[in-house]
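Participant: Mind folding the following:
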Amino acid sequence: MKHSAGPFPARTVFALLAVTLLALTGCAARPYATLIPVSGTVRGAHIVNMLVASTRQPSRVPGVVFSGERGPGLSVENIVVSIPPDNVRKPGTVIYPTANPGDPSKEFVTLKIAPMAEKDALAWYRNVTGPKKRVLIFVHGFNSTYEEAVFRFAQISHDTGVNAAPILFTWPSRGSIFDYLYDRESANYSRSSLETIIAQAADSPNVDEITLMAHSMGSWLAMEAVRQLTIRRGRVPAKLRNIVLAAPDLDIDVFRQQLDELGPAQDRITIFTSQDDYALQVSRRLAGGVQRLGSIDLDNPLMLTFFARRGVNVVDLSDVQAGDSLNHTKFAESPFVVQAIGQRLIAGDRVSDSRVNLAEAIGATAVGTAQGVGSVIGAAASVPAAVVDPNSRLRFRDQLEGAGRSLTGSLQTATGQ
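Facilitator: Residues are numbered from 1 along each chain as shown. Below is the predicted model:
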């Protein structure tokens, strides 16, 4: 007996969804072969010295460095990026080079790209981690080329303002919306390599604190790597203080199982969600309709109860406006959000630490249990985000009464006024 697969075959559905994404993103130019180092930078430019670990195949094309194909193992590079002066660029934005060589006065450019041996990587840790010995590891998402990942992470590292050694883990994404399934398998291919990077940072005497930040499909990869490391060692490394999942393209049921392995370290996780994330809406269709973690409904009492019991911090960015037409990179493109994350890390707190509500730093309110789990503070519906954390629930009434006062103070704090 044959079962109907619906009115359209899967290939047709995927093509329609891809066309939808193309229409939403428009015709914005993407960088290609722009990683050719320039001889110098300009006054007022900002320098980001990063370690880049990759499972991609090296490319012979000048300025590409690594392609979207899978490499034979883990490669490590030292890349130095110059970010144009503040009067040229707004926080949250990346300005790609439009020609080779790029113009450091108005574009992101590279100053150095050099392979690193293991001994060189150890020396890099000593020189770059700073007095606080902090490391920020970033894992990019689906549809990202090597150069896009490098420039985006340079922007995130700089705009957060965190004095932490920046480490980019870039896996073999082909940088095409038509290669979603290939990218997903490439993330799977890269799990053990990311685990190695996290483990080496945790074992280094030159590192005291690690923040692992992942975006989109990279969130699944990050959680799998931490899960593997936890199983191997019996616990999450104490130095891994923060796990930040931004717009995670991660099956909610898979996430539940991953959490089970983390034990008491579940409260180190912060999730940035947005219900108007068009990329995750498409991903959900491709995944058979299964809810994606990055677009969960915070009006669902069962969902809020689940996160509350696990101690997982959830920040809803649905009302935050950013430059991304897909609403998929708000965490990096919104100046308020990226700077609020940085302020928490600079203070030495966990991003999920509920002593100081992260949402308050970006003018947000709490999602609490006072009037039933999942009810958002209606009186302050115009503020940009909502957050679920233990202290938010305890302070629900106080925050409602003082919503106007706290919003003013929070915005002043976030903008440095």
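Participant: what's the helix or strand containing Ala149 packed up against?
Facilitator: Using DSSP states H and E, Ala149 falls within helix 146-160. With contacts defined as 3 or more CB pairs under 8 Å, 6 or more residues apart in numbering; DSSP states H and E, helix 146-160 has these neighbours: strand 46-58, strand 66-83, strand 134-139, strand 165-170, helix 330-333, helix 335-346. In this view, the C-beta of every residue, glycine as well, is placed from N, C-alpha and C.
Participant: Please report how far Leu212 lies from Ala45.
Facilitator: 28 Å (CB to CB, to the nearest Å).
Participant: between the two, which one's more packed in?
Facilitator: Leu212 (28 against 19; other CB atoms under 10 Å).
Participant: For the helix holding Ala149, buried residues please.
Facilitator: 146-160 (16 or more other CB atoms under 10 Å).
Participant: Out of these, which comes closest to Arg184?
Facilitator: Nearest to Arg184 among the buried residues of helix 146-160: Ala149, at 16.7 Å, using CB to CB.
Participant: what's the closest one in contact with, if anything?
Facilitator: 140, 168, 170 (CB atoms under 8 Å, 6 or more residues apart in numbering).
Participant: Go ahead and confirm the first one touches Gly175.
Facilitator: No. With contacts defined as CB atoms under 8 Å, His140 does not count as touching Gly175, sitting 10.3 Å away.
Participant: Identify the contacts common to the two.
Facilitator: Glu148.
Participant: For Val338, which non-adjacent residue is spatially closest?
Facilitator: Asp159 (4.7 Å; CB to CB, 6 or more residues apart in numbering).
Participant: typo on my end, Gly175
Facilitator: Nearest to Gly175 is Thr145, by CB to CB, 6+ apart, at 3.8 Å.
Participant: count of residues packed around that neighbour?
Facilitator: 25.
Participant: ranges for the helices of the stretch 101-250 of the chain?
Facilitator: Here the stretch 101-250 of the chain has its helices, by DSSP state H, counting those that start in this stretch, at 118-128, 146-160, 180-189, 191-203, 217-233.
Participant: Run through who's touching the longest one.
Facilitator: When you say that, I think you mean helix 217-233. 139-142, 171, 173, 183-184, 187-188, 190-192, 194-195, 198-199, 212, 214, 236-237, 240, 243, 245-251, 254-255, 258, 261-263, 265, 293-294.
Participant: Next: the third one.
Facilitator: Among residues not part of helix 180-189, those counted as contacts by CB under 8 Å, 6+ apart are 14, 55, 70, 142-143, 171-174, 217-218, 220-221, 224, 283, 286.
Participant: low-scoring stretches of the stretch 301-417 of the chain, by residue?
Facilitator: Applying pLDDT under 70 to the stretch 301-417 of the chain flags the ranges 346-417.
Participant: now do the stretch 1-150 of the chain
Facilitator: In the stretch 1-150 of the chain (pLDDT under 70), the answer is 1-28.
Participant: again, but for the stretch 151-300 of the chain
Facilitator: Judged by pLDDT under 70, no stretch of the stretch 151-300 of the chain qualifies at all.
Participant: For Ala332, which non-adjacent residue is spatially closest?
Facilitator: Ala332 sits nearest to Ile156 (CB to CB, 6+ apart), 5.3 Å away.
Participant: start to end distance for stretch 30-40?
Facilitator: End-to-end distance of stretch 30-40: 24 Å, with CA to CA, to the nearest Å as the criterion.
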